[in-house]
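pasted the sequence and its predicted model underneath.
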Amino acid sequence: MKKTITIFGSSLPKPGEKEYEDAYNLGRLLALKGFNICTGGYQGIMDAASKGASENGAGAIGITVDLWGSTPSKYLTKEIQCKNLFERITKLIETGDGYVILQGGTGTLLELAAVWELMNKNLLKTKPLACHSQMWKDIVGIMERQIEHEGRKTGLINCFYGINQIVDFLNSALNEAG
């Protein structure tokens, strides 16, 4: 069975913008490496990654919740509807064999924090987790210092500047894991 990478990121980027194109390329490259993807199922980064994956033969799962009256991405190959935001976040985390955090705001920060905390407290098996961009590198660095001070697990998150590096990291980590 194909492994699935859950991708978190903003709903705001539009086609032609760097963040959208990075997400499209991520979905495309993951598909070419034999991964399915999972997103929150709507527009922006979620749409772009789904498009890249589905156009290249991979599954594009969308975990949706009808809170905003948004239309799900037309590139989804499967939609799973949730009743509320917390059920949605839980399903996004459960579905992933690995995770990518792309540009986003407080919603994306919440998703990163949830995955990170679950792994740190051994409530979720440690899985590959990659962040993209200087913004996340800065946030992760600040939090890692606090986590180290508290005597908890550090090094759960890997930060990258390039999409190709993220795909190589996930491919290596998940193929070594079997």
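That came in fine, so what should we check first? Not measured: the values here are computed from a predicted model.

from here on, contacts and neighbour counts on C-alpha atoms
Noted.

who's in contact with stretch 16-33?
If you take Cα atoms under 8 Å, 6 or more residues apart in numbering as the criterion, stretch 16-33 is touched by 13-15, 36-37, 44-46, 48-58, 102-103, 163-164, 167, 171.

likewise stretch 45-58?
7-13, 15, 19-21, 23-32, 34-41, 59-61, 73-77, 102.

mind giving me the PyMOL command for buried ones among these?
Provided next is the PyMOL selection string for whichever of these are buried by 16 or more other Cα atoms under 10 Å:
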select buried, resi 7+8+9+10+11+13+19+20+21+23+24+25+26+27+28+29+30+31+34+35+36+37+38+39+40+41+59+60+61+73+75+76+102
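
out of the contacts of stretch 45-58, which sit inside helices?
Judged by DSSP state H, helices contain the following of the contacts of stretch 45-58: 19-21, 23-32.

out of the contacts of stretch 16-33, which are buried?
If you count burial by 16+ other Cα under 10 Å, the buried members of the contacts of stretch 16-33 come out as 13, 36-37, 44-46, 48-56, 58, 102-103, 163, 167, 171.

surely residue 39 touches residue 72?
No - between residue 39 and residue 72 there is no contact under Cα atoms under 8 Å: 10.6 Å.

alright, that wraps it up for me.
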